[in-house]
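Student: sequence first, predicted coordinates after that:
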Amino acid sequence: MEALAAFLSEVDLTLSGLDAPSVRLWIERDERGAIAGSTGYEISGDGRHALIRSVAVAPSQRSRGRGRALASFALERAAEEGAMKAWLFSRRSGPFWQSLGFEAADRDELAEALADTHQVRLFQQTGQLGREVAWSRLLDVV
Ligand SMILES: CC(C)(COP(=O)(O)OP(=O)(O)OC[C@H]1O[C@@H](n2cnc3c(N)ncnc32)[C@H](O)[C@@H]1OP(=O)(O)O)[C@@H](O)C(=O)NCCC(=O)NCCS
C-alpha cells in the first residue's frame, strides 16, 4: 500500500481512501519489481455503479497500450462484480477514456450514483467536485 501511494503521488492521483473496503486495487510490477501501473475502482453501496480510479502507468512505460489494458481490466472486474455502469473523474485524460467508450457525464449525477464512495465524499467536502470533469459508460458490453 505504501509503494502504491508513492506511485500514485508521483502521477498526481488521489491517495485517500485506498484502504476503504469498497475499493478494489491492482498493481502491475516491472521485471525489477517496481510498480509500472495500477488500476482499480470503488463500488457503490448498492453494487450497481463503479467509480474507476487509480488507473496509471509509469511515465517511462506510457503509450504502449498498458493504460488501455489496465483500464479494461478494471472495467471487466467491475462488470463481473455486478456493476451496470462505470464512472470516473478525469480532467486531463478525457480522450483516453473516450477511446474506451466513455462519454462526458454530469458530475452531479455521478455524485448521486456514487454518493457513498470515499472519493465523492472527499471531493464534496473539499469543494473539488465543482472543478472535476465526469465521464461514464455502461458496462453491458466490456
Ligand atoms: C492515462 C494513462 C493511464 C494512459 O496510459 P498509456 O499506457 O499511455 O495508455 P495507452 O498506451 O494504453 O493509450 C491508449 C490510447 O489513449 C491515448 N492516450 C493516452 N493518454 C492520453 C491522454 N492523457 N490524453 C489523450 N490521449 C491519451 C493514447 O494515445 C492511445 O491512443 P491510440 O491507441 O489511438 O494510440 C497515463 O497517461 C497516465 O498514467 N496518466 C496519469 C494518471 C491519469 O491521469 N490517470 C487517469 C485518471 S484515473
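Tutor: Thanks, I have the structure now.

Student: can we go C-alpha only for contacts and neighbour counts from here?
Tutor: OK.

Student: tell me which residues in stretch 119-133 are buried?
Tutor: 119-120, 129, 133 (16 or more other Cα atoms under 10 Å).

Student: check stretch 80-87 too.
Tutor: Applying 16+ other Cα under 10 Å to stretch 80-87 flags 82-87 as buried.

Student: check stretch 11-23 too.
Tutor: By neighbour count on 16+ other Cα under 10 Å, the buried set for stretch 11-23 is 18, 22-23.

Student: residues making contact with that stretch?
Tutor: For stretch 11-23, contacts defined as Cα atoms under 8 Å, 6 or more residues apart in numbering pick out 1, 5, 8-9, 25, 40-44, 54, 56, 58-59, 117-119.

Student: filter those down to the ones near the ligand?
Tutor: Contacts with the ligand within the contacts of stretch 11-23, counted by Cα under 6 Å from any ligand atom: 54, 56.

Student: among the contacts of stretch 11-23, name the ones in strands.
Tutor: Secondary structure from DSSP state E places 25, 40-43, 56 of the contacts of stretch 11-23 in strands.

Student: ok, the helix or strand that residue 70 is a member of near the ligand or not?
Tutor: Assigned by DSSP states H and E, residue 70 belongs to helix 66-80. Yes: using Cα under 6 Å from any ligand atom, helix 66-80 reaches the ligand at 66-68.

Student: on that earlier part again, now, the buried residues of stretch 119-133 that are in helices?
Tutor: Residues of the buried residues of stretch 119-133 located in helices (DSSP state H): 119-120.

Student: near the ligand, which residues of the chain show up?
Tutor: With the criterion set to Cα under 6 Å from any ligand atom, the chain comes near the ligand through 11, 53-57, 62-68, 90, 92-93, 95-96.

Student: show me which of those are buried.
Tutor: 53-57, 66-68, 90.
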